[in-house]
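*Asks:* Predicted structure and sequence below. I'll ask about it afterward.
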Amino acid sequence: MCFSANASFGSGLVLSAIGVASLAKVKHPAQIMFASIPLVFAVQQFSEGFLWLTLPYSDHVFLQQVITHIFLIFAQVLWPLWVPIAIILVEKEQTRKAFQKVLVGIGMLVAFYLGFCLYFYHVQAKIVGYHIYYEQDYPVVPRNFGGALYIVATIAPLFFSHVKRMWILGLTILTSYIVTAIFYDHYVVSVWCFFSSLISASVYFIMLEFKKLNKEDRSHQELAVTTRQPEKI
């Protein structure tokens, strides 16, 4: 499979359209973060597209470093926070919400650690073959542990939602990670983000599920009001 600036910009454009369509389906402010996921992925893909354009030129080192950090902030710092918070905001069942608070806490720890490493350790992006390789000199043992917690923070919340289709999104993203880890071991950051961004298009269909759930909630509320009304004599 070949990746390029065109692939990044193309996916960014498609995700922008899907993100706008998803936001148009929002019926409650709590849904905004979740509906915005494709749009945020679009910005991330655009940043990697610009990185593709600058990396071949040695006189653009400063710009390369800036864009590299922007991409990695999205990939490693933003998503461990964004996903669990977005899911807990739309959760209605208190039991699930209690567990999701733990996942938000894990996400905060992961984001803090990776943000710390991103600031204090050397990172560099390189084009290797048809992929971008992100060289990150993070401490090995904490990095592996942090990587495992990253998976928990970004994928587990999707399996603990009351929304029926949410687990499918989680399973698809988890599968894409396994495939990426097996076939693109040295390019996991770039390739998995690309796959995940495309998969995030399904957020639009989950927003339709929210619409259905909202209608069912209104029906139950109307039924409850009707049954509480005193009988006329």
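*Replies:* In hand now; what should we look at?
*Asks:* Look up how far Thr154 lies from the most centrally placed residue in the chain.
*Replies:* A centroid search over the chain (Cα atoms, centre = their mean) returns Trp79, at 5.0 Å, as the residue closest to the centre. In this view, Trp79 and Thr154 are 5 Å apart by Cβ to Cβ, to the nearest Å. In short, each C-beta sits where N, CA and C put it, glycine included.
*Asks:* Likewise for Ile173?
*Replies:* Taken as Cβ to Cβ, the span from Ile173 to Thr154 is 8 Å.
*Asks:* Can you pick out the residue with more neighbours from those two?
*Replies:* Remark: of Ile173 and Thr154, Thr154 carries more neighbours, 24 against 20, as counted by other Cβ atoms under 10 Å.
*Asks:* Validate this expectation: the more buried one resides in a helix.
*Replies:* Yes: counting by DSSP: H, G, I helix; E, B strand; the rest coil, Thr154 is part of a helix.
*Asks:* Please list all residues in contact with it.
*Replies:* Listed by Cβ atoms under 8 Å, 6 or more residues apart in numbering, the contact partners of Thr154 are 79-80, 83-84, 107, 173.
*Asks:* And Tyr133, by the same measure?
*Replies:* 125-127, 186-187, 190.
*Asks:* Grab the nearest non-local neighbour of it.
*Replies:* Closest residue to Tyr133 apart from its sequence neighbours, by Cβ to Cβ, 6 or more residues apart in numbering: Lys126 at 4.9 Å.
*Asks:* Test my guess that the one you found contacts Gln136.
*Replies:* No: under the criterion of Cβ atoms under 8 Å, Lys126 makes no contact with Gln136, lying 11.6 Å away.
*Asks:* Which parts of this structure are helices?
*Replies:* Ranges of helices in the chain, per DSSP state H, are 5-24, 32-35, 37-54, 61-72, 79-90, 94-120, 140-159, 166-183, 188-199, 203-228.
*Asks:* Quick one: closest of those helices to Ile132.
*Replies:* Across the helices of the chain, Ile132 has its closest neighbour in helix 188-199 (4.6 Å, Cβ to Cβ).
*Asks:* distance between that closest one and the chain's centre?
*Replies:* 10 Å (Cα atoms, centre = their mean, to the nearest Å).
*Asks:* Likewise for stretch 131-145?
*Replies:* On the basis of Cα atoms, centre = their mean, stretch 131-145 sits 20 Å off its chain's mean C-alpha point.
*Asks:* do stretch 109-120 as well
*Replies:* 17 Å.
*Asks:* for the contacts of Thr154, which one is nearest Ile37?
*Replies:* Using Cβ to Cβ, Val83 comes nearest to Ile37 of these, at 7.8 Å.
*Asks:* Next, work out how far apart Tyr121 and Ala181 are.
*Replies:* 22 Å.
*Asks:* Repeat that for Val203.
*Replies:* Applying Cβ to Cβ, the value for Val203 to Ala181 is 23 Å.
*Asks:* Comparing these two, which shows the higher neighbour count?
*Replies:* Neighbours were counted for Val203 and for Ala181 using other Cβ under 10 Å; Val203 has more, 25 against 12.
*Asks:* Check the burial of Pro142 by counting its neighbours.
*Replies:* Residues near Pro142, counting by other Cβ under 10 Å, number 13.
*Asks:* Ignore what I typed, I meant Ile106.
*Replies:* So Ile106, with other Cβ under 10 Å, has 19 neighbours.
*Asks:* I figured it was touching Ile155, is that so?
*Replies:* No: checked against Cβ under 8 Å, the pair Ile106 and Ile155 is beyond contact range at 11.4 Å.
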